[in-house]
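Asker: okay, sequence plus prediction incoming.
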Amino acid sequence: MRALEVSHLSVNFGERNVLSDLSFSLAPGEIASLLGPSGCGKTTLLRAIAGLLQPSAGTIRLGTQLVGLSSVVLPAHKRQTGYVPQQGALFPHLNVARNIAFGLDKKTFSKQEISEITQEMLALIGMSGYESQMPTELSGGQQTRVALARALAVKPKMILLDEPFSALDAELRNELRTDVVALLRAQGTTAILVTHDREEALVSSDKVVLMRDGKIAQMGTPEEVYESPISPSIAVSTGDALVLDAQKFSNGSISYAISPSNAGQTPSESGFVVIRPEEISIKKAGTTGVAATLIQLDYYGHDAMLVLKIANDEKLIRARISGAIDFKVGDIVSIEHQGPVRFFAKM
Amino acid sequence: MPLKTADRASAAPLHIVKGRGSSLSALNAAVGVVLAITLIPFIYIAFRAFEKPLPEILDLLLRAKTLQVLATTTALLLIVVAVNIFIGTLMAAGLHFIRLPKAHLFILPTILPLAIPSYVFTYTWLALIPSLSGLFAAAFILILTTMPYMLLAILVSLRRIDSSLIEVARTLGLSRFKIFIRVILPQIRSSISAGALLSGLYVLSDFGAVSLLNVETLTVSIQNMFKASYDRSAASVISILLILASVVFIAFNERLKDSDNKENISKRLMAKNIRINNPGLKTSLLFSVALYTTLAVVLPIYVLISRFIGNPNPIDFAQLFETAVSTISVAALGAFIALLMSAPLGLLLSTRAGKYSRLAERIILVGHALPGVIIGLGLVSLGSKLGPLYQSTLLLAFAYALLFLAKAVASMTSALQLVPSTLKEVAATLGKSKSKVTTSVVFPIALPSIGLGTLLVFLTAMKELPATLMLRPTGMDTLATQIWSYASINRFNDAAPYALLLVLIAAIPTFLLSAPRNPSEKVEISQ
């Protein structure tokens, strides 16, 4: 059984086509990231799943239940999808405990149960003792935690997170993201995380859904989408990538700036090669590889980004290295590509 | 209907399409009923006016007297609005930007005149200068009366200006004056226009000040015709002229208004306020606040108290108490009816403002422009058709509700709009139905602002004079009518206790209004 199945979903805003013919599914407990530039339809897809807007075509199934069809729609309040919008959106007139208990129906739960669930949730997010604080008294990270607890308290079929960490600073963001993902995994909750942060998408999910212009461009495990992008532009959207002109020969060998091969044959196909900066190794001049001049060195601490220029080649090569750096700007070095050769024919 | 809506805007928020279709049409129907009720008096006035043959109507409209009255009204309107815009903008900007210790203590006295209706102003100034009369005297009094509307409107929008914009402008090398013209003025233009609208409409509908000062405006003409001849057809014809004048003024004001949309207004409050610490500016601000406060608060209150104490006749406390109770109860009833009537349109406008709801809002705004004298005339003209309602407290309260419905709708809408849509969406995903969301999220958050709005309506209703004079049940007096009847026969001493009491009661909501932080702002902070 699938926790979520979206098939052939389209959403139009008036004349404008925001999502078109989009299909994907999630297994129970799976965490997916929707990654894409702003305006690609990530949030729209999330809102359609939550039942906050009406699709024009296609179906959405939560578990076995059909919840969204262009003509038949289960309204948001009957879908049991938890929704955590940007910056949490806590109810300003209710304290933390009441915010968390907001979705717990008094007809279904006794006072005792509601209080137990609230306490359990507070413990889960590490905020026991905060029950009577008002939202304005909380920090941004705490607000997001409470918003998550509020969504989890009702034991939703799945959780939808719409860039919940975007307003936080980097350190808190990483910490909170790690906590939230661990929490979702511990609870076995199926979740979708909307983000435009590529590292966030890779590190927190089982499945990355790359979106472009209202369509799914590529979908797969983080390794798949990072290692085997289906196009140069998709490669760029999951991490730094170097796109170099390349020639493919009839014997199958591929020639590009870092790895020139003169097989003496005529190239059968021209195209591009996509290289990740960490796949380039740099050695002292004279060893195997292509000679290049180091023209810029950006030191980040945990690693460094080197910009190199191969003689007679316009394109600058960026390489990421970690560990000690024995080079300085102006040095001539040897560079080599050690990784899969991802060739894309020119359209 | 649901399917049709779905086709047209398929990504419309869901509640429109499903599950809420019925409650939406119920809301639409409720708005329709409110509109119909609002329109009845005007339709009746139109009927009455056209009872006269057309040549006679034209004769009445084009005779020298009518044209003269129209010219007087226009002149008064233009003087008051122009002076208000100029002084009000400068004073509000000064109060906001110039560094003063306990700044809100300086704002309070400039807002306080809200509690004093024009006829009380006139009466206190007449007690000081008995020869006061004519167009300029009326303009002076009406400027004193309406300045707080201007100040309040501008101060509220000044508080919303993001201080970083000013900082950016400063780093870009703009002088203070240029910052004011290029950064601040464009952002407060709409509220200047709103303030101009409020004070202009006050002038058009004012009856007390102008009639005590022997200035014949359209409103006075209508009241005189109604009273002297009971010629309701003639009064109705002039009423139509007054309605037209109001509509022209609103339309003109609309053109002034900036087409800013609320989405763009920065929600950030000024975290650290930018304050000017220039001694010259500070002195001129303090001087103008002192001058205005003296003219509009200190002198009138001084006159009221001295007349109250110096009154040789014993005060009839029983009657005073009875009058106060009936004033408060009829005004409260009116505010309550207005609250009920404003809820459907407020809900409609705040969730999904369509053509229909916008049109309804316009109509109700025009209704607000219509002076009390017209609502009074309309309801009086219905007269016998109303059966036992005629000359009842309920009818008077209903007249108040109609008169101040636009105020109620505006405050209801803005209060409901303060509730961010993500909160409603989160509530929906937590299993709350649309109506549950309204009761458990929207109304609790909006309640303080709605309460404040209702209080405003109550305050305004308490001071209402022309409609009260026409519609009050026989034998019933309000504080306003008592002040009016004593002041119009120069019995200033006898009017004093009523005026003092009215000002005291009306000052309470004014204090609340000028409080530096109102609850609606608190909601914004958390966003």
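Answerer: Looks like it came in fine.
Asker: contact partners for the residue of chain B found nearest chain A?
Answerer: Taking C-beta to the nearest C-beta, chain A has its nearest neighbour within chain B at B:L430, 3.1 Å off. (Each C-beta comes from the backbone N, C-alpha and C, glycine too.) B:L430 sits next to A:H77, A:G82, A:Y83, A:F102, A:G103, A:R150, A:A151, A:V154 when contact means C-beta atoms under 8 Å, 6 or more residues apart in numbering or on different chains.
Asker: and the residues you listed near chain B, which?
Answerer: Restricting the contacts of B:L430 to those near chain B by C-beta under 8 Å from any C-beta of the partner chain leaves A:H77, A:G82, A:Y83, A:F102, A:G103, A:R150, A:A151, A:V154.
Asker: in strands, which of the residues you listed appear?
Answerer: Secondary structure from DSSP state E places A:G82, A:Y83 of these in strands.
Asker: what about B:L58, which helix or strand?
Answerer: helix B:54-62 (DSSP states H and E).
Asker: and what of A:G330?
Answerer: Under DSSP H and E, no helix or strand contains A:G330.
Asker: so A:L124 makes contact with A:A149?
Answerer: Yes - counting by C-beta atoms under 8 Å, A:L124 does reach A:A149; the two are 6.5 Å apart.
Asker: neighbour count: these two, which is higher?
Answerer: A:A149 (25 against 18; other C-beta atoms under 10 Å in any protein chain shown).
Asker: can you give me the distance of the more buried one to A:L202?
Answerer: Distance from A:A149 to A:L202, counting by C-beta to C-beta, to the nearest Å: 26 Å.
Asker: need the contact list for the spatially closest residue to A:E278 that is not a sequence neighbour.
Answerer: What sits nearest to A:E278 in space, not counting adjacent residues and going by C-beta to C-beta, 6 or more residues apart in numbering or on different chains, is A:R320, at 4.6 Å. Going by C-beta under 8 Å, 6+ apart, A:R320 touches A:D240, A:P277, A:E278, A:I280, A:D303, A:A304, A:M305, A:L306.
Asker: before we move on, what about A:A191?
Answerer: A:A191 makes contact with A:E30, A:I31, A:A32, A:M158, A:I159, A:L160, A:L161, A:L184, according to C-beta under 8 Å, 6+ apart.
Asker: and what of A:S25?
Answerer: Counting by C-beta under 8 Å, 6+ apart, A:S25 makes contact with A:R2, A:L4, A:E5, A:V6.
Asker: from what I can see B:S236 touches B:A49, true?
Answerer: Yes - counting by C-beta under 8 Å, B:S236 does reach B:A49; the two are 3.8 Å apart.
Asker: of those two, which one has the most company?
Answerer: Each of B:S236 and B:A49 has its neighbours counted (other C-beta under 10 Å); B:S236 has more, 26 against 20.
Asker: quick one, helices of the stretch 101-250 of chain A?
Answerer: Counting by DSSP state H, counting those that start in this stretch, residue ranges of the helices within the stretch 101-250 of chain A are A:111-124, A:140-153, A:170-187, A:198-204, A:222-227, A:232-238.
Asker: who's in contact with stretch B:487-505?
Answerer: So stretch B:487-505 is contacted by B:115-117, B:119-120, B:122-124, B:126-127, B:211-212, B:300-301, B:303-305, B:307-308, B:310-313, B:315, B:320, B:323-324, B:327-328, B:462-463, B:479-480, B:482-483, B:486 (C-beta under 8 Å, 6+ apart).
Asker: filter these to the buried ones?
Answerer: Among the contacts of stretch B:487-505, those classed as buried by 16 or more other C-beta atoms under 10 Å in any protein chain shown are B:115-117, B:119-120, B:122-124, B:126-127, B:211-212, B:300-301, B:303-304, B:307-308, B:311, B:320, B:323-324, B:327-328, B:462-463, B:479-480, B:482-483, B:486.
Asker: chain B contacts on the stretch 151-300 of chain A?
Answerer: Near chain B, when you scan the stretch 151-300 of chain A using C-beta under 8 Å from any C-beta, you find A:A151, A:V154, A:P156, A:L160.
Asker: name the member of those with the most neighbours.
Answerer: Using other C-beta under 10 Å as the neighbour test, these are led by A:A151, with 30 neighbours.
Asker: lowest-scoring secondary structure element of chain B by mean pLDDT?
Answerer: helix B:519-526 (a mean of 33; mean pLDDT, DSSP states H and E).
Asker: what bits of the stretch 51-200 of chain A have low per-residue confidence?
Answerer: A:68-72 (pLDDT under 70).
Asker: residue in it nearest to chain B?
Answerer: Residue of the stretch 51-200 of chain A nearest chain B, by C-beta to the nearest C-beta: A:G103 (3.1 Å).
Asker: now do the contacts for the residue nearest the centre of chain A.
Answerer: Geometric centre of chain A, nearest residue: A:A201, 2.3 Å, by C-alpha atoms, centre = their mean. Going by C-beta under 8 Å, 6+ apart, A:A201 touches A:S33, A:L34, A:L35, A:L193, A:T195, A:V208, A:P222, A:T238.
Asker: from what I can see the first one touches A:M211, true?
Answerer: In other words, A:S33. No - using C-beta under 8 Å, A:S33 makes no contact with A:M211, being 10.2 Å away.
Asker: the stretch 201-347 of chain A: strands as residue ranges?
Answerer: A:207-212, A:215-220, A:242-249, A:254-256, A:267-275, A:280-284, A:290-299, A:304-310, A:316-321, A:332-337, A:342-345 (DSSP state E, counting those that start in this stretch).
Asker: how about the stretch 151-300 of chain B?
Answerer: Using DSSP E, counting those that start in this stretch, strands in the stretch 151-300 of chain B do not occur.
Asker: shaky segments in the stretch 201-347 of chain A?
Answerer: Checking the stretch 201-347 of chain A against pLDDT under 70 turns up A:262-264.
Asker: 90 instead?
Answerer: Applying pLDDT under 90 to the stretch 201-347 of chain A flags the ranges A:231-234, A:236-242, A:244-271, A:280-292, A:295, A:297-304, A:309-317, A:321-341, A:343-347.
Asker: closest point of it to chain B, which residue?
Answerer: Closest point on the stretch 201-347 of chain A to chain B, by C-beta to the nearest C-beta, is A:G214, at 11.8 Å.
Asker: make sure that residue is actually in contact with A:N17.
Answerer: Yes - with contact defined as C-beta under 8 Å, A:G214 and A:N17 form a contacting pair (6.2 Å).
Asker: tell me which of the two has more neighbours.
Answerer: A:G214 (23 against 16).
Asker: show me how chain A divides into domains.
Answerer: Domain ranges of chain A: A:2-236, A:240-343, per the TED database.
Asker: A:V329: neighbouring residues, count only.
Answerer: Neighbour number of A:V329 under other C-beta under 10 Å is 11.
Asker: residues in contact with it?
Answerer: So A:V329 contacts A:L294, A:I295, A:Q296, A:L297 (C-beta under 8 Å, 6+ apart).
Asker: same question for B:R232.
Answerer: B:R48, B:F226, B:L377, B:V380, B:S381.
Asker: ok but the fourth one is inside a strand, no?
Answerer: So the one you mean is B:V380. No - counting by DSSP: H, G, I helix; E, B strand; the rest coil, B:V380 is not part of a strand but helix.
Asker: and the gap between it and B:A332?
Answerer: Between B:V380 and B:A332 the distance is 23 Å, computed by C-beta to C-beta.
Asker: helix or strand for the nearest residue in space to B:F404 that is not next to it in sequence, which one?
Answerer: Nearest residue to B:F404, sequence neighbours excluded (C-beta to C-beta, 6+ apart): B:V457, at 4.5 Å. Applying DSSP H and E as the criterion places B:V457 in helix B:443-463.
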